[in-house]
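K.L.:
give me the fold of what follows.
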Amino acid sequence: MSVVETAESWTREEAAATGMVLAWQAAQAPDRPAIISQAGNRTYAELNANANRLVRALRREGLKAGDAVALMCSNRPEFVETVAACQRGGFRMTPVNWHLKGSEVGYIVDNCEAKAFIADARFAGSALEAASMAPALVAKLAVGGEIEGFASYDDALAAEEASDLPDPVMGSQMLYTSGTTGHPKGVFRKQAAPVTPLLVKLTETAAFREGDLALVTGPLYHAAPLALNLSFPINAGVGCVLMDRWDAEETLRLVAEHRITHTHVVPTMLHRMLQLPDETKAKYDTSSLRWILHGAAPCPVHVKEGAIEWFGPVVYEYYAATEGGGIFIDSHEFPAKKGSVGKPLPGVIVEIHDEEGKPLAANEVGTVYFKAPEQGRFEYFKAPEKTESAYRGDFYTMGDMGFIDEDGFLFLTGRSAEVIISGGVNIYPAEIDQEVLKHPAVADAAAVGVPNEEWGEEVKLVVELNEGFRPDEDMAKELLDFAAQSLPGYQRPRSVDFVTELPRMPSGKVLRRNIRDRYWQGDKKI
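P.N.:
So this is what the prediction gives:
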C-alpha cells in the first residue's frame, strides 16, 4: 500500500509515528493554505510534495536515517519544507541562527556532524565560511539565490518525484541553546520525549478550528517560534503567515488582513505594540485573535495587564525552554497572581533549591529546578561536563532564579548570572526593569550591576528610548526620579546610560551578561 493511500486512511496519530503528519493533513485538505510569506506561498499539497522531493534529493547525495542536516534560512517556505523533510526522512535537523558570525555558524555545522547544509543566499558570506569548517558535508544547497560551491535547492527538488515516500522514517531535531558565554550547546535526546503536559495544555487552550491562521513573529531557527509559532499550528492543519522581520505595526496589519487567530510573542513585542499611538492601534481590527501565547522572558506586570485589557482574556503565558519545563497561566488566573509565570502542569515537578541543592520553603528565592522525565532526558551534545553541571540528581536547571508562593505559583526574579549583589544584598534586575518600562519614554531597559568601591556593586540602568525623546542628562534624572517613586532604596538605579538598541537573544531575552561585562572590563560602549 502506498503512503498516499495510507495517509488517507491512517489516523493522525499513526501518521505522526513516521513523521507524516503533514502528508496526512495534505490528504485531508490539499488546497488549504499552509504557508503565506513574502518569499512565496504553499498549499498543504505543495508543501508536502516539496518535502518528499527534498528527502529524495538528500538521499541521492548519500544521506541516511540518523544523519544530520544543518539549516540556515530566513522565514520562508523552504525552511518549512526542510523541517518536514527531516521529520519523514529520519534526519536530525539543526536550525542555525543566521545572526551569528560565519565562524560561529561553522562551529555549529561541524559540531552537529551535518552531512547536508541548506543555506539562504541572503547569508552567503557566513554560509561559505561555515561550509569550509565542516569537512563532513556531502551536500550543500542554496535557497533563494546562488552561493558559490552550493547546488541550487530549486534544481535539486525539480529533479525528484513528488509522491509520498514509501518508506518514511521519523526524524528528530537538535537545537543549539543561545548562551551568553562560550559556544552554543546542542540539546540532544537519545530517546524521543513523550507528549509533554505543556503540549496537552496548549492544544486544549488553542482550540484550533477550520479557517484559523497563525502568525509567525520570530525567527524560525529559534526553539520557541519553530515549535509554537510553526510546528504546533501547521501539524494541526492551521496555516501560518511568516513575518520576515518583526515590526509592531506590521503585526497588527497582518492580523487584520489575514484575520489571524493564533500567535506566539515575547514580552518585548507586547510592550512595543502597546506603545504604538492610539490612532495607530485603532486602525487595525484585531478581534480575530483568540490565543496569544507569550514566554521566553519575564513579562512586566503592566505590559501583561495592558495586553489583556486590549486583546481580551486571550493572553496565555508559559515557562519552558529547549531543555524542557511546563509552567502555565491564563488571563483569568493572572489578576490574583500578578507577575507569576504560572503553576506547574500535571506531571511537572518544580523545586526551588539553595546553593547547596537543598529545597527551599515557599516564598524563598533560589534556583529553579525541574524534575527530568524518565524517558527522553536531554543532554548537551558531545559536552558531558555541561550536561552534568545542569543536573542535580534527577533535577535540572536552566539557570533561572525565582520562588514558589504558598499557592504553588512560580515567580521568576532573574538568572543566577544576573543577580546584583550590593552591600551583601541580592537585587534582582527584572524587578527594576519592570518599573522603569512603565515610563512612556522607555522602549527597553536593562538594569545591571556595575563596580562600586564601597558596596561592591551598584545598579545602573541601560535604556533604549522611544523616538522623540532625547538621551540627555535631563532624561537620565527624570528616569532616576521615576524609579525612586516605586523602588525601595537598595533597588534604585544610581546612574543611566542610553543606547540605540539593547542586545537581545532571538528569544527576546536581554543579553544582560554582555551588557554587564562591558562595565567590569572598563568598556562602557554597549
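
K.L.:
neighbours around residue 264, how many?
P.N.:
Residues near residue 264, counting by other Cβ atoms under 10 Å, number 27. All C-beta atoms are positioned from the backbone trio N, CA, C, and that covers glycine.

K.L.:
these two touch, right, residue 351 and residue 396?
P.N.:
No - if you go by Cβ atoms under 8 Å, residue 351 and residue 396 don't touch, sitting 11.1 Å apart.

K.L.:
what sits in contact with each of those two?
P.N.:
Common neighbours of residue 351 and residue 396 are listed as residue 369 (criterion: Cβ atoms under 8 Å, 6 or more residues apart in numbering).

K.L.:
export stretch 483-492 to CSV, keeping only CA atoms.
P.N.:
Extracted C-alpha coordinates of stretch 483-492, given in CSV (Å, rounded to 0.1, in the frame of the first residue of the first chain):
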residue,chain,number,x,y,z
ALA,A,483,12.3,54.8,39.5
ALA,A,484,12.7,56.2,43.0
GLN,A,485,8.9,56.6,43.3
SER,A,486,8.3,52.9,43.2
LEU,A,487,11.5,51.1,44.1
PRO,A,488,13.0,50.7,47.6
GLY,A,489,16.3,52.4,48.3
TYR,A,490,18.5,49.4,47.8
GLN,A,491,17.0,48.7,44.3
ARG,A,492,17.2,52.2,43.0
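
K.L.:
for it, list every residue counted as buried.
P.N.:
483, 487, 491-492 (16 or more other Cβ atoms under 10 Å).

K.L.:
check the residues you listed against residue 413 and report the nearest one.
P.N.:
residue 491 (11.7 Å; Cβ to Cβ).

K.L.:
list the residues that contact that closest one.
P.N.:
427, 431-432, 459.

K.L.:
cool, and residue 386?
P.N.:
185, 380.

K.L.:
tell me how far it lies from residue 219.
P.N.:
Going from residue 386 to residue 219 by Cβ to Cβ, to the nearest Å gives 24 Å.

K.L.:
how about residue 124?
P.N.:
18 Å.

K.L.:
which one of the two has more residues nearby?
P.N.:
Ranked by neighbour count (other Cβ under 10 Å), residue 124 and residue 219 place residue 219 first, with 24 against 17.

K.L.:
got a list of what the more buried one touches?
P.N.:
74-75, 97-98, 225, 506.

K.L.:
ok, now residue 478?
P.N.:
Per Cβ under 8 Å, 6+ apart, neighbours of residue 478: 439, 441.

K.L.:
and with 7 Å instead?
P.N.:
Listed by Cβ atoms under 7 Å, 6 or more residues apart in numbering, the contact set of residue 478 is empty.

K.L.:
can I take it that it is in a helix?
P.N.:
Yes - according to DSSP: H, G, I helix; E, B strand; the rest coil, residue 478 belongs to a helix.

K.L.:
so for it, what's the pLDDT?
P.N.:
Confidence at residue 478, expressed as pLDDT, is 97.

K.L.:
for residue 56, the count of nearby residues, please.
P.N.:
For residue 56, the count of nearby residues is 18 (other Cβ under 10 Å).
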